[in-house]
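S.K.: can't give you the sequence, but here's the structure:
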């Protein structure tokens, strides 16, 4: 059985409602990337990570 959930925007639907109670701080050595966009591969490369599935996505057609 597949249950569909309504689409939600985390910033608008969650964070805006609790904005007065939010706080911000900085951490050394912590990286943040918005993986809700196609830059996930770029941010992984910047961290020196190349997941095995990436090779399958970049193979020429007809290989594998």
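M.R.: Okay, I see it. Here the structure is a predicted model, which is why all the values come from computation and not from measurement.
S.K.: In three-state terms, label the residue lying closest to residue 35 once chain neighbours are set aside for me.
M.R.: Excluding the flanking residues, the one nearest residue 35 by CB to CB, 6 or more residues apart in numbering is residue 43, at 7.2 Å. To be clear about C-beta, it is placed using only N, CA and C from the backbone, and glycine gets the same treatment. Counting by DSSP: H, G, I helix; E, B strand; the rest coil, the backbone at residue 43 sits in helix.
S.K.: now do residue 12
M.R.: Quick answer, by three-state DSSP: residue 12 is helix.
S.K.: what number of residues lie near it?
M.R.: Using other CB atoms under 10 Å, residue 12 is surrounded by 9 other residues.
S.K.: how much space is there between it and residue 19?
M.R.: Look at residue 12 and residue 19: by CB to CB, to the nearest Å, they are 11 Å apart.
S.K.: With residue 52 instead?
M.R.: For residue 52, the distance to residue 19 equals 40 Å [CB to CB].
S.K.: and the residue nearest to residue 35, what does it touch?
M.R.: By CB atoms under 8 Å, 6 or more residues apart in numbering, residue 43 lies in contact with 31, 33, 35.
S.K.: any chance of those in a markdown table, plus distance to residue 25, neighbour count and pLDDT?
M.R.: Output for these, formatted as a markdown table (distance: CB to CB, whole Å; neighbours: other CB atoms under 10 Å; pLDDT from 0 to 100):
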| residue | distance to residue 25 | neighbour count | pLDDT |
| --- | --- | --- | --- |
| 31 | 15 | 8 | 76 |
| 33 | 18 | 13 | 76 |
| 35 | 21 | 11 | 77 |
